[in-house]
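**Q** curious how this folds, go ahead:
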Amino acid sequence: MKAIMLMFDTLNRHFLPPYGCNDTIAPNFRRLAEHTCLFDNCYVGSMPCMPARRELHTGRYNFLHRSWGPIEPYDDSAIEMLSSNGIYTHLVTDHQHYWEDGGATYHFRYTSFDFIRGQEGDPFYADVDAMKGYDKINCTAADFKMQMDKVNRTLFAREEDMPQVQTMQKSMNFIRKNKDADNWFLQIECFDPHEPFFVPDEYKALYNYDYKDDPFDWPGYGRADEDPERRRNVRKTYAALITMCDRYLGQVLDLMDEYNLWKDTMLIVNTDHGFLLDEHDYWGKNIMPWYNETALIPLFIWDPRHPETAGCRRNSLVQTIDLPVTLLRYFGQEPARDMQGHDLEDTISQDSPVRNYALFGVYGGHVCITDGNTVYMRGVGQSGNEPLYQYTYMPTHLYNRFSVAEMQTTELAEPFSFTKGCRLMKIRSGPWVTRDTHARIGYVNVDHIRESLLFDLQTDPHQLHPLNDPELEEKCIHAMIALMKENDAPEEQYLRLELTAFMHD
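**A** So this is what the prediction gives:
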């Protein structure tokens, strides 16, 4: 048995033809849907990038206990479990966050790995003159990243030099070399179509891109206040990058055909989250509510044990935490006791449901719940988004270590149900931390998360008209509390979300 996971970062399903988009040129995504089982109701769990990847290893939510961070010493990694039980695991990626402070313990869970440099301001190409004035003393982390990205782009004049292309080529080399071997898992992880939407002009030309004098391909997270023409061109650039991704997806499918890997190789094509491209007048993710453009994600799975499912669609509610459990069972391994995900084999074969509700969110932001028909986002009301603590043995943020001021608040917490008897550091978080946005509360701005929002997806699929339905809201609250308890959420989360009045109803 073999398995391949092809993961694109920041893939908005509303731009994919199999999910109803007629504007994006992506014939290989159509081809993929014809040969796999497509999921119509797949939701994120813990957001954004590294919390989602921690779920891909551990099969459990983590956003209620800490923000962006490494795999913890007590975590069960499905990848490591496979590697320790005779399954060769290999990662090929241009996702630079694995090599930053906040992602440093992921890649060594694989038997081997390959990293391609140069995406999104990766501090890669050393050009002293070009970076003058952009040091850690004279500019913000965001300004440094954007200038570093400009420097990196000078290396990618040809499409074949771009990180995505190199990632896909090295992945296909692995497939060619090991096609006749057994018992391996390949994770192909493309940073594209994550912002910045850097894509060759030939792809932009397919969309009549006409903003060459002001190439705007890196929208910041927040209100989309640019003029309408600029907004349209950002969407065109994003679509063009998906078309580029589609091209290399097609080359992987070609190898599946050429070597008839369909007979014994599971194929999963997925993403960590979506992206707002001016919907709800926002760019990006994280700081705003988790609308479906970011939370409802594409998922395609081919299971060679069930060839009759090619071209099928499934409506059961599934999540990222289900994928590691599915992989373990596919390779004949039992999931760890603390994993909360479910094996999707029966969902693939006959749309068997695995859950009634799904929990999702970002650390310090809305906590959200859905049954696939209704979405409820619980805001912080007047709590000020406090109290809020990080629970960790690995005190690193995205780009940096926890500050001394943060570490000075440390106390030892009693073990959680999933920490193997370990007492964790309990470190105060929240708006009092002023070093940078990532350290504060993982991007979240309290002004965007005060209000609770309730949507009926059947009558309002674009989430434009929040409901005022106290009875339905209370039903969602009780389901949310049950899942939070199942996740052994810290007690202060109920205070932060003003849920304590519902605890004993």
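**Q** where do the helices of the stretch 251-400 of the chain begin and end?
**A** Applying DSSP state H, counting those that start in this stretch to the stretch 251-400 of the chain gives helices spanning 292-295, 322-330, 345-350.
**Q** could I get these as JSON lines with mean pLDDT, mean neighbour count and distance to residue 316?
**A** Quick note: C-beta positions are derived from backbone N, CA and C, even for glycine. Below are these laid out as JSON lines (pLDDT from 0 to 100; neighbours: other CB atoms under 10 Å; distance: least, CB to CB, whole Å):
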{"stretch": "helix 292-295", "mean pLDDT": "98", "mean neighbour count": "23", "distance to residue 316": "17"}
{"stretch": "helix 322-330", "mean pLDDT": "98", "mean neighbour count": "24", "distance to residue 316": "10"}
{"stretch": "helix 345-350", "mean pLDDT": "98", "mean neighbour count": "17", "distance to residue 316": "5"}
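**Q** which among those helices is found nearest to residue 183?
**A** For residue 183, the closest of these is helix 322-330, at 11.2 Å, according to CB to CB.
**Q** send the alpha carbons of that closest one over as CSV?
**A** Coordinates of each C-alpha in helix 322-330 appear next as CSV, following Å, rounded to 0.1, in the frame of the first residue of the first chain:
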residue,chain,number,x,y,z
ASP,A,322,-9.8,12.9,10.2
LEU,A,323,-7.0,12.6,7.7
PRO,A,324,-4.2,11.2,10.0
VAL,A,325,-6.6,8.6,11.5
THR,A,326,-7.7,7.6,7.9
LEU,A,327,-4.0,7.3,6.9
LEU,A,328,-3.1,5.2,9.9
ARG,A,329,-6.0,2.8,9.4
TYR,A,330,-5.3,2.6,5.7
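**Q** does anything pack onto it? Which helices or strands?
**A** Contacts defined by 3 or more CB pairs under 8 Å, 6 or more residues apart in numbering; DSSP states H and E place helix 322-330 against strand 2-8, helix 49-58, helix 78-83, strand 265-271, helix 345-350.
**Q** okay, residue 223: pLDDT?
**A** Reported pLDDT at residue 223 in the predicted model: 87.
**Q** ok, it - how many residues close by?
**A** Residue 223 has 14 neighbours, counted by other CB atoms under 10 Å.
**Q** equivalent analysis for the one 10 residues further on, please.
**A** Neighbours of residue 233 under the rule other CB under 10 Å: 23.
**Q** quick check: which of the helices of the stretch 251-400 of the chain is nearest to residue 372?
**A** The closest of the helices of the stretch 251-400 of the chain to residue 372 is helix 292-295. By CB to CB, the value is 11.0 Å.
**Q** residues near the nearest residue to residue 85 once chain neighbours are set aside, how many?
**A** Leaving aside its sequence neighbours, residue 85 sits nearest to residue 333 (CB to CB, 6 or more residues apart in numbering; 5.8 Å). By other CB under 10 Å, the residues close to residue 333 number 17.
**Q** quick one: contacts for residue 333?
**A** Contacts for residue 333 were tallied using CB atoms under 8 Å, 6 or more residues apart in numbering; they are 81, 82, 85, 87.
**Q** the residue nearest to residue 374 when sequence neighbours are not counted: what's it in contact with?
**A** Excluding the flanking residues, the one nearest residue 374 by CB to CB, 6+ apart is residue 456, at 5.9 Å. Taking CB under 8 Å, 6+ apart, we find residue 456 in contact with 373, 374, 467.
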